[in-house]
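*Asks:* for reference, the sequence and a predicted model appear below.
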Amino acid sequence: MIYRILLVLLGLFMVGYGIAGIKRGKIYAREYYYRDENAFKFWFAVASVFLLALVLFYFAVFGKPSG
């Protein structure tokens, strides 16, 4: 149960990180990507962050129960 809660918290953190990146116009994914300089890489990094959060939520809900 604790692992599921941890996965949900990490997913919420990733969603918050993605939203903060959109608001600031820059996001860090191996290097900083700026919305104004390279929009494709910026939005790809944002989508990757949200996809990772979605995977974390999926495993928290549908993952195999431990023990």
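*Replies:* Yep, that arrived. Residues are numbered from 1 along each chain as shown.

*Asks:* switch to C-alpha atoms for all contacts and neighbour counts from now on
*Replies:* Will do.

*Asks:* how about the helices in this structure?
*Replies:* 2-24, 39-62 (DSSP state H).

*Asks:* quick one: closest of those to E31.
*Replies:* Closest to E31 of the helices of the chain is helix 39-62 (Cα to Cα; 10.2 Å).

*Asks:* tell me the buried residues in the closest one?
*Replies:* By 16 or more other Cα atoms under 10 Å, the buried positions in helix 39-62 come out as 41-43, 45-46, 49-50, 52-54, 56-57, 60.

*Asks:* farthest pair in these?
*Replies:* Farthest pair in these, by Cα to Cα: K41 and A60, 28.6 Å.

*Asks:* returning to that earlier point: select, out of the helices of the chain, the one closest to Y33.
*Replies:* Among the helices of the chain, helix 39-62 sits nearest to Y33 (Cα to Cα), with 5.1 Å.

*Asks:* low-confidence ranges in the chain?
*Replies:* Low-confidence segments of the chain, defined by pLDDT under 70: 66-67.

*Asks:* returning to what we had before: Throw the helices of the chain into JSON lines and include distance to E31, thanks.
*Replies:* Shown next, in JSON lines, are the helices of the chain (distance: least, Cα to Cα, whole Å):
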{"stretch": "helix 2-24", "distance to E31": "13"}
{"stretch": "helix 39-62", "distance to E31": "10"}
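
*Asks:* which of those sits closest to Y32?
*Replies:* That would be helix 39-62 among the helices of the chain, by Cα to Cα, at 8.5 Å.

*Asks:* counting contacts, what elements does that closest one pack onto?
*Replies:* helix 2-24, strand 26-28, strand 32-34 (3 or more Cα pairs under 8 Å, 6 or more residues apart in numbering; DSSP states H and E).
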